[in-house]
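# Structural data only, the sequence is not supplied:
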């Protein structure tokens, strides 16, 4: 049985290790599922945000194309005839420092859709286009040195192959309106100051633009289009990365589920074996316990038998002694027996006489009882006669009283009443 106990102990240790391994796999699988769910949620959010950005970008591009004349079929035909369909627009070439898009939009808003053309291929301008169109040559502009030692908007802008001095030579910049107003006394003629918010200040004037006008500026829109392009690229990279991670997690989940299923099968087998071993050990221990109890009971019974044998030997010795004494006393007992038998006969005779006396006494008692009943009956009859006489006497006394009362009143017939009275007195006396 010790070997069986060792097997059970070793099997329990193996099962405990398997259960720990199974729990670790379950935790690992749950972590993979949680991570997979979180990444799917994140992927869904990224795709929603990507779709929103795509929708916004397409909308902005349509608006931008319309603002730059790209949707005007007649204008497109006019440019195609002059081989300018692919000519870049100013808005595509200009680069503005961060924060100055609104100011540049305010000043160049009407010319940002201009077509940039090389001086070597100046188009035939005899036939004017049907729509609004600006043409900007890559010619350098002669300009006088600035007479103001102030920051200029040109310093915030760069445009490849385009000289914007003809537009912005006399335009200065200020961070806000208060700074621009402080610079107003230094302005001459066509000089003006523009703020980051697109407010323009001249030597003797101030011009404000509405918020919606500034928000829908070509450069602001172009900047947003570039930002959306960048965001979409980032979204694409992040979505690809998340999809890759999800695929890896799905593979890991599948592998872990397979390993978990194998572990579950082993665990179920080990649990079944554990149950069988424990049942077997229980049966063996029960059998061993029963054998031990039986052995203890047999030992106890053996001890009791030995004690009983000893007592029996003592009883036999005592019985032998008593037998010897009885043999010695047997003569005395015989004579005593004869005496007792004689006493018994005498007592039986006495009992017979007592029984006869008792029978006579019982007959006498019965006669007395009958006499008592007769006397009680006579007494009851006398009591009834006395009661009847007393009732008669009471009635006679009442009648006598009435007669006496009538007599005293002198009523007649007196003789008759006296006769009745005498009779009544006579009965009373009797």
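On my side now, so go ahead. No experiment lies behind these values; they were computed from the predicted model shown.
# Every contact and neighbour count from this point should use C-alpha atoms.
OK.
# Any idea how far stretch 355-364 is from the middle of the chain?
Relative to the centre of its chain, stretch 355-364 is centred 99 Å away, using Cα atoms, centre = their mean, to the nearest Å.
# mean confidence for it?
Per-region confidence: stretch 355-364 scores 84 on mean pLDDT.
# can you tell me how far residue 195 sits from residue 41?
Using Cα to Cα, to the nearest Å, residue 195 is found at 44 Å from residue 41.
# Ok, residue 234 next?
According to Cα to Cα, residue 234 and residue 41 sit 18 Å apart.
# Repeat that for residue 269.
Separation of residue 269 from residue 41 (Cα to Cα) stands at 39 Å.
# Over to residue 350?
125 Å.
# Give me the helices and strands touching the strand or helix carrying residue 367, please.
In the assignment (DSSP states H and E), residue 367 maps to helix 218-408. Where contact means 3 or more Cα pairs under 8 Å, 6 or more residues apart in numbering; DSSP states H and E, helix 218-408 is packed against helix 2-67, helix 90-93, helix 101-108, helix 414-429.
# Report the angle between it and helix 101-108.
Orientation of helix 218-408 against helix 101-108 (axes from the mean of the first three to the mean of the last three Cα atoms, to 10 degrees) gives an angle of 130 degrees.
# Give me the angle between helix 218-408 and helix 2-67.
Using the same axes, to 10 degrees: helix 218-408 against helix 2-67 is 120 degrees.
# Report the distance from helix 218-408 to the chain centre.
48 Å.
# Repeat that for stretch 193-203.
64 Å.
# Can you give me the first-to-last residue distance of it?
Terminal-residue distance, stretch 193-203 (Cα to Cα): 9 Å.
# who's in contact with it?
Identification of contacts with stretch 193-203 by Cα atoms under 8 Å, 6 or more residues apart in numbering yields 99-106, 171-177, 180-181, 183-192, 206-209, 214.
# swap the cut-off to 6 Å and go again
100, 102-103, 106, 171-176, 184, 187, 192, 206-208 (Cα atoms under 6 Å, 6 or more residues apart in numbering).
# just stretch 279-298 next, same as before
Outside stretch 279-298, not a single residue reaches it (Cα under 6 Å, 6+ apart).
# buried ones in it?
Of all the residues in stretch 279-298, those buried under the rule 16 or more other Cα atoms under 10 Å are 280, 281.
# And residue 211, how far from residue 199?
Distance, residue 211 to residue 199, by Cα to Cα: 11 Å.
# Compare those two and say which is more crowded by neighbours.
Set residue 211 next to residue 199 and count neighbours by other Cα atoms under 10 Å: residue 199 wins out with 20 against 10.
# what are the phi and psi angles of the more buried one?
Taking degrees, to the nearest 10, you get phi -80, psi 130 for the backbone angles of residue 199.
# And it, how far from residue 174?
Plainly put, residue 199 is 10 Å away from residue 174 if you go by Cα to Cα.
# what's the answer for residue 259, then?
Counting by Cα to Cα, the gap between residue 259 and residue 174 amounts to 69 Å.
# neighbour-wise, which of those two wins?
The neighbour comparison of residue 259 against residue 174 (other Cα under 10 Å) goes to residue 174, with 24 against 16.
# now that one, nearest residue through space, not along the chain?
Leaving aside its chain neighbours, residue 174 sits nearest to residue 195 (4.8 Å; criterion: Cα to Cα, 6 or more residues apart in numbering).
# To what extent is residue 278 buried, counted in neighbours?
Counted with other Cα under 10 Å, the neighbours of residue 278 add up to 18.
# make that residue 274, sorry
18.
# Look at it and report its pLDDT.
Residue 274 carries a pLDDT value of 78.
# and what of the one 10 residues further on?
Listed pLDDT for residue 284 reads 75.
# Please report the distance of it from residue 340.
Distance, residue 284 to residue 340, by Cα to Cα: 71 Å.
# again with residue 354
Going from residue 354 to residue 340 by Cα to Cα gives 21 Å.
# for residue 381, same thing?
In terms of Cα to Cα, residue 381 sits 61 Å off from residue 340.
# picking up where we left off before, residue 195 and residue 41: which is more packed in?
Set residue 195 next to residue 41 and count neighbours by other Cα under 10 Å: residue 195 wins out with 23 against 12.
# Check the offset of stretch 44-59 from the chain's centre.
Put simply, stretch 44-59 sits 39 Å off its chain's centre (Cα atoms, centre = their mean).
# buried set for that stretch?
Buried-residue list, stretch 44-59, by 16+ other Cα under 10 Å: 46, 47, 50, 53, 54, 57.
# pLDDT and distance to residue 150 added to these, as CSV?
Listed next are the buried residues of stretch 44-59 as CSV, based on pLDDT from 0 to 100; distance: Cα to Cα, whole Å:
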residue, pLDDT, distance to residue 150
46, 89, 46
47, 90, 48
50, 88, 44
53, 89, 40
54, 88, 42
57, 82, 38
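# gap between residue 226 and residue 158?
In this view, residue 226 and residue 158 are 17 Å apart by Cα to Cα.
# Same question for residue 33.
52 Å.
# Assumed residue 127 was part of a helix.
No. Assigned with DSSP: H, G, I helix; E, B strand; the rest coil, residue 127 falls outside any helix and is coil.
# can I get the helices and strands packed on helix 218-408 in JSON lines with distance to residue 77?
Listed next are the helices and strands packed on helix 218-408 as JSON lines, based on distance: least, Cα to Cα, whole Å:
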{"stretch": "helix 2-67", "distance to residue 77": "15"}
{"stretch": "helix 90-93", "distance to residue 77": "19"}
{"stretch": "helix 101-108", "distance to residue 77": "25"}
{"stretch": "helix 414-429", "distance to residue 77": "178"}
